[in-house]
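*Asks:* Sequence below, structure please.
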Amino acid sequence: MRPKIFAHRGASADFAEQSYESYAGAISQNADGFECDVQLTADREIICWHDDDTNRLTDKQWLISKTPMKDLLKLEIKNEGNLGRPITFLELLQISIDSRRDLLVETKHPVPNKGLIEKLVLQELKKRKSDIKKSGININIMSFSFFATQRIVISKQFTPVYLVAKAPQIKYLPAEIYGVYINLLKAKPELIELAHKRGKKIYVWTVNEAEDMEFCARNGVAGIITDNPARAKNVLGYS
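*Replies:* Numbers count the residues shown, from 1 in each chain. Model prediction:
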């Protein structure tokens with residue numbers, strides 16, 4: 001089984017990280033799916049944003065949780081010489097449905113609104129249940145937080161991905177899919193066999209080097225999360 005190629009915050013090696021342009025670029029690079037981080041704004045809207053503030057990627061120093069969506073959407077993302085505009089979760093969901101690309105959604109924790117982020121994400125996905133089904137896409141919700149992923153389990157709507165911070169967690173987390181950092185997996189490749197023996201899948205982040213892409217494919221990893229979908233497709237010989 002070939003691993004799926006997920007664009008990490010879009011095709012962020014070539015476009016401004018987590019911007020509209022980055023996700024549009026992931027389509028042009030023929031990624032199988034998108035990965036995004038989601039947080040709540042001051043007015044409880046869902047934005048695709050990794051950091052808890054805007055400091056690293058914009059000229060402003062605003063906390064995401066304290067800033068209304070309308071203000072965040074006026075910002076310009078600046079990353080590695082690339083420019084782009086912020087994107088809402090609902091906009092990315094529509095792009096995912098229209099382009100028939102899978103979606104990995106990471107809920108960030110700890111955050112001021114705690115479990116509200118999972119609740120609102122699930123509400124929005126429920127509204128689009130019919131469209132999601134028609135498009136044939138798969139959606140997973142991910143987190144490092146055990147409690148966050150348990151909220152997804154309880155909802156019985158989507159399969160969560162437990163993001164593994166430490167190797168011993170694989171022995172105990174009741175997961176169908178583990179998300180594992182590439183350096184951890186290379187240091188402890190036995191985790192792959194352990195997961196597979198338990199009937200589990202593994203998604204790996206952030207896989208940008210050719211040798212790491214080949215390592216993942218060779219060892220039966222189910223999903224590669226990369227900044228450079230085009231490179232991954234080329235290295236692994238995908239059309």
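*Asks:* Just list whatever residues bridge to the spatially most central residue of the chain.
*Replies:* Nearest to the geometric centre of the chain sits residue 35, at 2.7 Å (Cα atoms, centre = their mean). Note on residue 35: beta-bridge partners by DSSP bridges are residue 8, residue 104.
*Asks:* And it, what's its pLDDT?
*Replies:* Listed pLDDT for residue 35 reads 98.
*Asks:* what do you get for residue 239?
*Replies:* Listed pLDDT for residue 239 reads 67.
*Asks:* With residue 110 instead?
*Replies:* In this model, residue 110 carries a pLDDT of 91.
*Asks:* which residues in this structure form helices?
*Replies:* Secondary structure of the chain (DSSP state H): helices at 20-28, 69-72, 89-99, 116-127, 129-135, 146-155, 182-187, 190-197, 210-218, 229-235.
*Asks:* Just the buried positions in the first one, please.
*Replies:* I take that to be helix 20-28. Neighbour-count burial for helix 20-28 flags 20-27 (criterion: 16 or more other Cβ atoms under 10 Å). C-beta: built from backbone N, CA, C; applies to glycine.
*Asks:* Wait, the residue nearest to the centre of the chain touches residue 7, no?
*Replies:* Yes - when contacts are counted by Cβ atoms under 8 Å, residue 35 is listed as touching residue 7 (6.4 Å).
*Asks:* How much space separates residue 10 from residue 214?
*Replies:* Look at residue 10 and residue 214: by Cβ to Cβ, to the nearest Å, they are 23 Å apart.
*Asks:* next one: residue 107
*Replies:* Distance of residue 107 to residue 214, given as Cβ to Cβ: 31 Å.
*Asks:* who's more crowded, those two?
*Replies:* More crowded of residue 107 and residue 214, by other Cβ atoms under 10 Å: residue 107, with 26 against 13.
*Asks:* pretty sure that one contacts residue 38?
*Replies:* Yes - between residue 107 and residue 38 there is a contact at 5.9 Å, judged by Cβ under 8 Å.
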